[in-house]
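Enquirer: okay, here's the prediction I keep looking at, along with the sequence it came from:
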Amino acid sequence: MINNIYFVALTSYQLFVSDAYARYIKNNYKYINIVVFAIDMDVSDFDAAGFYELISIPNLSNTKLQRIWKRLYWAGRLFNFSLLANYFRKLTNCILFVFNDTEPITNRLMREIHNKKDCKIVLVEEGIGIYEHSVQIEPLENLKRLFRKFITWCLGSTMNYSA
């Protein structure tokens, strides 16, 4: 039986879709806890009306330093100290709804859910999507690639995101 449902919204459209889903679910299943994470949006005028908890992650995409901090704190090595980690520490029986956008925070939450017992990830498609899985042969390592891998390891999140 599902206990928790999480939505990750990156745009205002996704927030409205998450709101509609959350209200429908809460009306039909009163015992389920629902949390909507709004990433890089101002939600001060948005009203959850007691149907779900709305968590706003601040907009940290304006400068290069903010983007590095966003990767490090919200999606990387310091994730365990962030607000999101409190929700994902001891999960069982939950569903994570994500949209088809790629974002470091979304990928981190998907990695947290992936290995948990009885947890599911649902990909909400906003239009027409084409998905492909392929194995690419990596080119030989050069100094630039090794430096990027080192920086990636330091930040704790991957550099290339794909749905």
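Expert: Noted; the coordinates are in hand.
Enquirer: pull up the gap between the residue nearest in space to the middle of the chain and residue 9, please.
Expert: Nearest to the centroid of the C-alpha atoms of the chain, with distances taken as CA atoms, centre = their mean, sits residue 106, at 2.2 Å. For residue 106, the distance to residue 9 equals 10 Å [CB to CB, to the nearest Å]. (Each C-beta comes from the backbone N, C-alpha and C, glycine too.)
Enquirer: swap in residue 62?
Expert: As judged by CB to CB, residue 62 and residue 9 stand 19 Å apart.
Enquirer: for this protein, just list every one of the helices.
Expert: Per DSSP state H, the chain carries helices over the ranges 12-28, 64-69, 83-88, 104-114, 143-155.
Enquirer: so of these, which one's packed in deepest?
Expert: Most buried of the helices of the chain by mean neighbour count (mean count of other CB atoms under 10 Å) is helix 104-114; its value is a mean of 19.
Enquirer: that one packs against which elements?
Expert: Here helix 104-114 touches strand 4-9, strand 33-39, helix 83-88, strand 94-99, strand 120-124, going by 3 or more CB pairs under 8 Å, 6 or more residues apart in numbering; DSSP states H and E.
Enquirer: okay if I get those as a markdown table plus distance to residue 147?
Expert: Shown next, in a markdown table, are those (distance: least, CB to CB, whole Å):
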| stretch | distance to residue 147 |
| --- | --- |
| strand 4-9 | 30 |
| strand 33-39 | 28 |
| helix 83-88 | 29 |
| strand 94-99 | 30 |
| strand 120-124 | 32 |
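Enquirer: by mean pLDDT, flag the weakest helix or strand of the chain.
Expert: helix 143-155 (a mean of 79; mean pLDDT, DSSP states H and E).
Enquirer: so how far is that helix from its chain's centroid?
Expert: A distance of 23 Å separates the centroid of the chain from that of helix 143-155, by CA atoms, centre = their mean, to the nearest Å.
Enquirer: tell me the angle that helix makes with helix 104-114.
Expert: 60 degrees (axes from the mean of the first three to the mean of the last three CA atoms, to 10 degrees).
Enquirer: could you number the chain from 27 rather than 1 from now on?
Expert: Got it, first residue is 27 now, which makes that one helix 169-181.
Enquirer: dump helix 169-181 to PDB, restricted to CA.
Expert: The C-alpha trace of helix 169-181 is given here as PDB (Å, rounded to 0.1, in the frame of the first residue of the first chain):
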ATOM      1  CA  LEU A 169      43.100  15.800 -19.700                       C
ATOM      2  CA  LYS A 170      39.900  17.700 -20.100                       C
ATOM      3  CA  ARG A 171      37.700  14.600 -19.600                       C
ATOM      4  CA  LEU A 172      39.700  13.600 -16.600                       C
ATOM      5  CA  PHE A 173      39.300  17.100 -15.100                       C
ATOM      6  CA  ARG A 174      35.500  17.000 -15.700                       C
ATOM      7  CA  LYS A 175      35.300  13.500 -14.100                       C
ATOM      8  CA  PHE A 176      37.200  14.900 -11.000                       C
ATOM      9  CA  ILE A 177      34.900  17.900 -10.800                       C
ATOM     10  CA  THR A 178      31.900  15.600 -11.100                       C
ATOM     11  CA  TRP A 179      33.200  13.300  -8.400                       C
ATOM     12  CA  CYS A 180      33.700  16.400  -6.100                       C
ATOM     13  CA  LEU A 181      30.200  17.700  -6.700                       C
END
